[in-house]
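In: Here is my input, please return the structure:
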Amino acid sequence: MPPKLAMLLAGAVVLATQSLGRAQDNSRMSSSAEEQNRTFINAAFERWSRGEGDVFTLLAEDATWQIVGADPEVAKTYDSRDALLAAAARPLAARLKTPLKPSVRKVWADGDDVLVHWDGRAELINGTSYENSYMWIMTVKGQRIVAVTAFLDIPAFKAALASPPRAD
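Out: Predicted structure coming up:
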């Protein structure tokens with residue numbers, strides 16, 4: 001092999017090795033951030049399950065929350081934490097006799113996004129139970145949830161909202 005070709009090949013191998021090392025470093029940093037986000041959200045659900053708050057307190061004030069589905073009364077995008085709480089979370093809470101208790105099936109992380117598949121259960125004021133399954137895709141930035149895409153059983157949610165609220 002001619003010396004110039006050997007030097008070019010050796011240089012290419014060095015560059016490829018350096019690029020691979022940088023990619024592995026980036027992957028480790030990404031994995032570390034993913035694990036931090038996954039741990040952060042998992043801990044929030046564990047506290048919620050114990051009755052120590054809920055995930056909504058972690059929402060940024062300007063967080064967007066999209067409920068996916070075909071029902072225009074429920075499936076929409078809320079452009080702030082307050083809008084979501086006023087339109088969806090508080091109306092449901094007003095009908096619950098017991099707090100909504102989450103039971104997490106699985107948590108995944110992909111970069112800033114954390115996906116949580118969970119079931120929620122509570123007793124309604126009218127004596128029936130509210131049960132729903134959820135899949136939330138949450139975008140986490142700086143220990144705040146800045147965006148959520150929520151999938152849920154909309155008919156079960158609407159049935160709970162059709163029951164009478166608490167008379168506070």
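
In: where does the most centrally placed residue in the chain land in three-state SS?
Out: Taking Cα atoms, centre = their mean as the criterion, residue 138 is the residue nearest the geometric centre of the chain, at 2.9 Å. Per DSSP: H, G, I helix; E, B strand; the rest coil, the secondary structure class of residue 138 is strand.

In: what's near enough to touch it?
Out: 41, 113, 114, 115, 116, 145, 147, 148 (Cβ atoms under 8 Å, 6 or more residues apart in numbering). C-beta: built from backbone N, CA, C; applies to glycine.

In: How many neighbouring residues does the nearest residue to residue 126 once chain neighbours are set aside have?
Out: Distance criterion Cβ to Cβ, 6 or more residues apart in numbering; nearest residue to residue 126, sequence neighbours excluded, is residue 163 at 4.8 Å. Neighbour count for residue 163, taken as other Cβ atoms under 10 Å: 15.

In: show me what contacts residue 163?
Out: When contacts are counted by Cβ under 8 Å, 6+ apart, residue 163 touches 95, 124, 125, 126, 128.

In: nearest to residue 158, of the contacts of residue 138?
Out: Nearest to residue 158 among the contacts of residue 138 is residue 148, at 19.3 Å by Cβ to Cβ.
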